[in-house]
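Asker: sequence-free structure coming up:
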């Protein structure tokens, strides 16, 4: 009862905070935190659904109307949530460490970028860009192409031992990036480092802005992805994956076909990334190989590890926290530091204006990811929101 | 196609390949030593390697700003930065093991690997942070030691700078020294015993933790030396420079047979030559359709293919698979 | 006439060591045991029967169908399932989930059914859960269905492994030292359970066992391996008094007239 009252109050207060201080990063962080709090609070399921639904379907777009940047952050968070959920299947459930996950995201993104922009004319002749409506069809095409890529890669490499598999997937990720960088000749498929632009945007309902349209689209995809994740996890397929993660030899002796199960995990994970790649390229209007580096793969891995391997709420929270950390906290800190510098503030006799100009806190994503990975492995390998079963065990 | 050109550049390309190969071999030693003992990929080794390069450049820049760089004999300068780089990287490698790997030694295999990836990323930005504060720049250029750039003519068309000879000689010395240490000394016997069976080695009175630290120290020091030589040879470094050579050196280690010291050299050379030839000839042979950038694809494809078809490497894995 | 399970001339070498040398074996029904000193090749034989290693030579058939060269999961799907000498449960999964994984080979619904939650899927899941709980009931673990395998006491883990193997509805069950680490009372009750399984489900059981009291009580037939070769085979009483067996276990001197009984 207290939980229920506190949850409602928290949502109202944090919403009001954002309304009163639309420019305050802190207020928006509190709002985001309140969603997590509601998620973990001990309240009836219907109340949780109601509160989260209100927050995501009503409050968030309203906040976005005030400050468009927040809607952008929410959309980015959604994209990374879907990526983290996809990687969670591969790493968390099936126990296969994939260090080149962003390659599948790239495959999806380039699939739409090529046909959704005038660049398609260079590749295939005439007739491009395709009609904006084709975007919705290409969500499926991106899914299939990425899943197919996953199977093509997985087929030869999934027999490898875990640590070698990790390195091979890393190598594969790099190969995809180098290809994207260099396939501007002999056929100009990717336009090389210059990237592809302008990429077509899907039509949205007339009463919505583009950013609202993307926000709801991403939200819808995330919901579907969560549903798919849960259904897979709670089936013979998910159990086979987990058994494989626990003990490969025993799983095989119990009748689990290893290669086929691993391929399925790889393809499922890849397909989520493929769909989001299509959305990402349309949202950004422009893509180039820089968006698909090893750093991105590790970023998604850090999200899964932070939340808890094999845990759906963990992947959601992990993706949210890490994205917010990168987009808001690091950048906010950078801005704040610059303001202090410009204002000639002195701390303990040190004039901040003398700080080195190269010191830009916003650029330290790797340090954030690195600290998350090391600290979580040593202190809490099961993550912040461990998979359901382990938690139940702790509760007993 | 110009056959004369193809033949003409051959010796130079061969030389570049050998040079690159020895560089990879030196870095590969760190991966191979640690893998041989712990069956663990020390993913942070690429940063341990580049830290050596940064220590070298800092000392050189220090000497230069003190105005003494040109008055000290170049051999002494080179020795100084090599020793300093080895020391720094060795100590760093040991500390990383203590902090980020040792607590996870008995965890499932992927757990310490994830931790190692974290350390790798952390170190990249830690170097950047340090250099940004210290120097307000993190892309650094090695000051030139003029003597080292002196070029010796091998043939009418091929010449080799002294610094490349230094790299090759130093690499050969270190490879031989390490091989002798592991195979000819009591410490080497202890290392091999720990690699074979930690429990049994500890029953024989070997301090397993100390041997593991020692392995990291040696592997790290070799990486540090490679870092200094890398800086001397190629000049430009930044905190992220180590990553790709590190990945390729790991490829070299796997190629030669991980855990195997001569294997690291063979693997390094094969990979170095493959890359040098791909970089020079691919564009010529395909009429510019595929550029030198595809050398990375060759390297990573080599890694993928070797792991699929011959995971024990060309010379064989030295460590036996533990049950 | 082909039997349920037949092996002929099975050999296996590891480097210079011959682990198995031309072993013939046949099992049609009931409970049979393989015994032998440590290193005799018993577990190696199991690993070959279940596809973990390839054999260097020989032929193994199950219901007349050759199984050498098949993957372990394919052999399980045919109807041969096993347990492990050092228990290999899925440690972080619950007891019932372990058994459900054991039923994987019998699940007839696919990815689409799981995603769309078709009625076929619901029926299959319900059937699996019911079957899984029945199996737990059979081995006496029904009340612990939701406990994490890792937290179960040792004896329960052994029985859970048995239930998990039964999940694949095998016609032949291979048990690698099922009573290792159990008290005599636990071992006796486990053997009673095995007898009931044979009677109720009509399956055949092949045991590797060190506990001679258990072996002699429960087995219809006993095979003795030593240094990778079959040195004796027969009903327990025959094997017990076979001089070669006594020699293998206790050394040459003990095999002289008046020497001790086989086993320890």
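Answerer: That came in fine, so what should we check first? Because the structure is predicted, anything quoted here is derived from the model rather than measured. Numbering: from 1, shown residues only, chains lettered A, B, ... in the order given.
Asker: what's around residue A:49, how many residues?
Answerer: Using other Cβ atoms under 10 Å in any protein chain shown, the number of residues around residue A:49 comes to 10. C-beta: built from backbone N, CA, C; applies to glycine.
Asker: Next: residue B:80.
Answerer: 16.
Asker: in which helix or strand would I find it?
Answerer: Using DSSP states H and E, residue B:80 falls within helix B:74-96.
Asker: Leaving out chain neighbours, which residue sits closest to residue B:306?
Answerer: residue B:255 (5.3 Å; Cβ to Cβ, 6 or more residues apart in numbering or on different chains).
Asker: OK, contacts around that neighbour?
Answerer: The neighbourhood of residue B:255, defined by Cβ atoms under 8 Å, 6 or more residues apart in numbering or on different chains, consists of B:263, B:266, B:267, B:270, B:271, B:302, B:303, B:306, B:313, B:314.
Asker: cool, residue B:229 as well?
Answerer: B:23, B:26, B:82, B:166, B:167, B:170, B:171.
Asker: Go again with 6 Å.
Answerer: Residue B:229 makes contacts with residue B:167, as judged by Cβ atoms under 6 Å, 6 or more residues apart in numbering or on different chains.
Asker: ok, of the contacts of residue B:255, which come out buried?
Answerer: Buried members of the contacts of residue B:255, counted by 16 or more other Cβ atoms under 10 Å in any protein chain shown: B:263, B:266, B:267, B:270, B:271, B:302, B:303, B:306, B:313.
Asker: which one among those residues gets closest to chain A?
Answerer: residue B:303 (5.0 Å; Cβ to the nearest Cβ).
Asker: how near is the closest one to residue A:264?
Answerer: Distance from residue B:303 to residue A:264, counting by Cβ to Cβ, to the nearest Å: 25 Å.
Asker: Can you name the residue of the stretch 1-150 of chain B nearest chain C?
Answerer: Closest point on the stretch 1-150 of chain B to chain C, by Cβ to the nearest Cβ, is residue B:108, at 10.7 Å.
Asker: Contact partners for whichever residue of the stretch 101-250 of chain C sits closest to chain B?
Answerer: Residue nearest to chain B within the stretch 101-250 of chain C: residue C:150 (13.4 Å; Cβ to the nearest Cβ). By Cβ under 6 Å, 6+ apart, the contact list for residue C:150 reads residue C:91.
Asker: Give me the phi and psi for it.
Answerer: phi -60, psi -30 (degrees, to the nearest 10).
Asker: Quick check: which element contains the residue nearest to residue A:364 when sequence neighbours are not counted?
Answerer: Take residue A:364 and drop its neighbours on the chain: the residue closest to it by Cβ to Cβ, 6+ apart is residue B:125, 5.0 Å away. Assigning secondary structure by DSSP H and E places residue B:125 in helix B:110-135.
Asker: and that helix, what does it pack onto?
Answerer: Counting by 3 or more Cβ pairs under 6 Å, 6 or more residues apart in numbering or on different chains; DSSP states H and E, the packing neighbours recorded for helix B:110-135 are helix A:365-379, helix B:45-65.
Asker: what angle separates the first one from helix B:74-96?
Answerer: Between helix A:365-379 and helix B:74-96, the angle formed by their directions is 50 degrees, by axes from the mean of the first three to the mean of the last three Cα atoms, to 10 degrees.
Asker: Residue A:188 and residue A:124, how far apart?
Answerer: From residue A:188 to residue A:124 the distance is 11 Å (Cβ to Cβ).
Asker: buried set for stretch C:79-86?
Answerer: C:79, C:80, C:81, C:82, C:83, C:84.
Asker: Turn these into TSV, including secondary structure, distance to residue A:277 and pLDDT.
Answerer: TSV is the format used below for the buried residues of stretch C:79-86 (DSSP: H, G, I helix; E, B strand; the rest coil; distance: Cβ to Cβ, whole Å; pLDDT from 0 to 100):
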residue	secondary structure	distance to residue A:277	pLDDT
C:79	coil	44	94
C:80	strand	44	94
C:81	strand	42	94
C:82	strand	44	94
C:83	coil	45	94
C:84	coil	43	92
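Asker: So which of these is the closest to chain B?
Answerer: Using Cβ to the nearest Cβ, these come closest to chain B at residue C:84, 12.4 Å.
Asker: ok, the nearest residue to the closest one once chain neighbours are set aside - how many residues close by?
Answerer: Setting aside the residues directly before and after it, residue C:84 is nearest to residue C:176 in space (Cβ to Cβ, 6+ apart), at 5.7 Å. For residue C:176, the neighbour count with other Cβ under 10 Å is 23.
Asker: Same check on residue B:69?
Answerer: So residue B:69, with other Cβ under 10 Å, has 18 neighbours.
Asker: contacting residues around it?
Answerer: residue B:63.
Asker: What strand or helix carries residue A:85?
Answerer: Using DSSP H and E, the element containing residue A:85 is helix A:68-87.
Asker: So what touches the helix or strand just after that helix?
Answerer: Using DSSP H and E, the helix or strand that follows helix A:68-87 in sequence is helix A:102-115. Outside helix A:102-115, the residues that touch it by Cβ under 6 Å, 6+ apart are A:120, A:123, A:130, A:138, A:142, A:145-146, A:149, A:173, A:176, A:196, A:199, A:270, A:273-274, A:277-278, A:280-281, A:287, A:292, A:296-297.
Asker: Test my guess that residue B:239 contacts residue B:129.
Answerer: No: here residue B:239 does not reach residue B:129: they are 8.9 Å apart, not a contact under Cβ atoms under 6 Å.
Asker: so how far is residue B:224 from residue B:42?
Answerer: Distance, residue B:42 to residue B:224, by Cβ to Cβ: 14 Å.
Asker: Neighbour count: these two, which is higher?
Answerer: Applying other Cβ under 10 Å to residue B:42 and residue B:224 shows that residue B:224 carries more neighbours, namely 34 against 30.
Asker: who's in contact with the more buried one?
Answerer: Per Cβ under 6 Å, 6+ apart, neighbours of residue B:224: B:52, B:85, B:86, B:88, B:89.
Asker: so what's the fourth one up against?
Answerer: This points to residue B:88. B:51, B:55, B:224.
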